[in-house]
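In: Dropping a prediction and its sequence here:
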Amino acid sequence: MPAGEIERLVVDTIARHLVTCNFSATDDAREMEAQINLDHQTSTDLPEMAIAEQRKLLLNCKTHVSIKAGTIEIKFTPPKQDLPVKLSIKAKMVSRGSEVRLAITPDDGPIKREPDPVLLRLIAHAFAAQDLLVWGISSPMVNHYKQRHLQQLVRLSFMAPDIISAIVDGTQPPDLTGRKIMRINKIPLDWAGQRKMFGFAPA
C-alpha cells in the first residue's frame with residue numbers, strides 16, 4: 001500500500017471513529033455535548049481538507065501509525081481531549097505482480113483500496129474477448145491474442161456481477177490477484193462457487 005493510501009486510510013479511520021466515540025456517564029452534560037459537536041464537525045471536515053491541513057491536524061492530534069505484519073495501529077489524541085485513543089485495522093501482505101503490498105481486509109468496513117490495475121485490465125480484456133469469440137466484434141485490446149489465451153480471458157466475463165463490481169471498486173479480497181485468477185484452470189459457472197473460490201463472503 002503506497003504512503004498516500006495509508007494516509008487516506010488513517011484519515012478515514014479517525015473520521016469514522018470521531019462519529020462513534022463514547023463518553024463516560026459521569027461527564028458534564030454541557031462539556032459532553034460540546035465535545036460531541038466538535039468531534040462530529042472534525043469527522044466531517046477532516047476528509048475534505050487539503051492534504052497540508054490534514055497533516056497539520058494529525059500532527060496536532062499527536063497521531064502515530066505503526067505498520068505490523070497483520071495490523072495497522074493508529075494512536076491519536078482527539079481535539080480538546082487529554083487521553084489518547086488506539087485503533088487497529090486488520091491488514092495483510094499480498095503479492096501484486098512483482099510487488100508485495102499491504103492490503104486492508106474487507107472485515108474492516110467500507111474502506112477501499114485503490115483498484116488493482118491488473119485486475120481491471122483483465123476484466124476489460126475478458127469482455128473484449130467475449131465480444132470477439134461470441135459476436136465476432138474485433139477489438140485492438142485482444143485481436144493479437146492467440147485462441148487459447150482468448151478462451152482463458154472469456155471465462156472471466158462470466159464472473160458474478162458482484163465480484164466484478166468489487167474488483168472495479170477495489171473491495172475484492174486482498175489476495176485476489178490477476179495472477180491467481182489466470183492460474184485457475186476451471187472457474188465454476190455458478191456464482192456461489194465463484195465467490196467461495198475467490199474468497200468472497202457468501203451472498
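Out: On my side now, so go ahead. Keep in mind the model is a prediction, meaning the values are calculated, not measured. Numbering: from 1, shown residues only.

In: how near is the closest residue to Trp191 other than its chain neighbours to Gln194?
Out: Spatial nearest neighbour of Trp191, excluding adjacent residues (C-beta to C-beta, 6 or more residues apart in numbering): Ala160 at 3.7 Å. Yep, even glycine has a C-beta here, placed from its N, CA and C like the rest. Applying C-beta to C-beta, to the nearest Å, the value for Ala160 to Gln194 is 5 Å.

In: What about Ser88, how many residues nearby?
Out: Neighbourhood size, Ser88 [other C-beta atoms under 10 Å]: 15.

In: which stretches of the chain have low pLDDT?
Out: Counting by pLDDT under 70, the ranges of the chain that qualify are 1-5, 19-30, 32-33, 92-114, 203.

In: residue ranges for the strands of the chain, please.
Out: Using DSSP state E, the strands of the chain run over 64-67, 71-76, 85-96, 99-104.

In: For this structure, which segments count as helices?
Out: Counting by DSSP state H, one finds helices in the chain at the ranges 3-20, 29-45, 51-60, 117-130, 147-156, 161-169, 178-183, 191-198.

In: would you turn those helices into JSON lines with distance to Lys90?
Out: JSON lines is the format used below for the helices of the chain (distance: least, C-beta to C-beta, whole Å):
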{"stretch": "helix 3-20", "distance to Lys90": "12"}
{"stretch": "helix 29-45", "distance to Lys90": "22"}
{"stretch": "helix 51-60", "distance to Lys90": "21"}
{"stretch": "helix 117-130", "distance to Lys90": "21"}
{"stretch": "helix 147-156", "distance to Lys90": "28"}
{"stretch": "helix 161-169", "distance to Lys90": "17"}
{"stretch": "helix 178-183", "distance to Lys90": "20"}
{"stretch": "helix 191-198", "distance to Lys90": "19"}
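
In: and these as CSV, adding mean neighbour count?
Out: As requested, the helices of the chain are arranged in CSV below (neighbours: other C-beta atoms under 10 Å):
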stretch, mean neighbour count
helix 3-20, 17
helix 29-45, 14
helix 51-60, 13
helix 117-130, 18
helix 147-156, 17
helix 161-169, 16
helix 178-183, 15
helix 191-198, 16
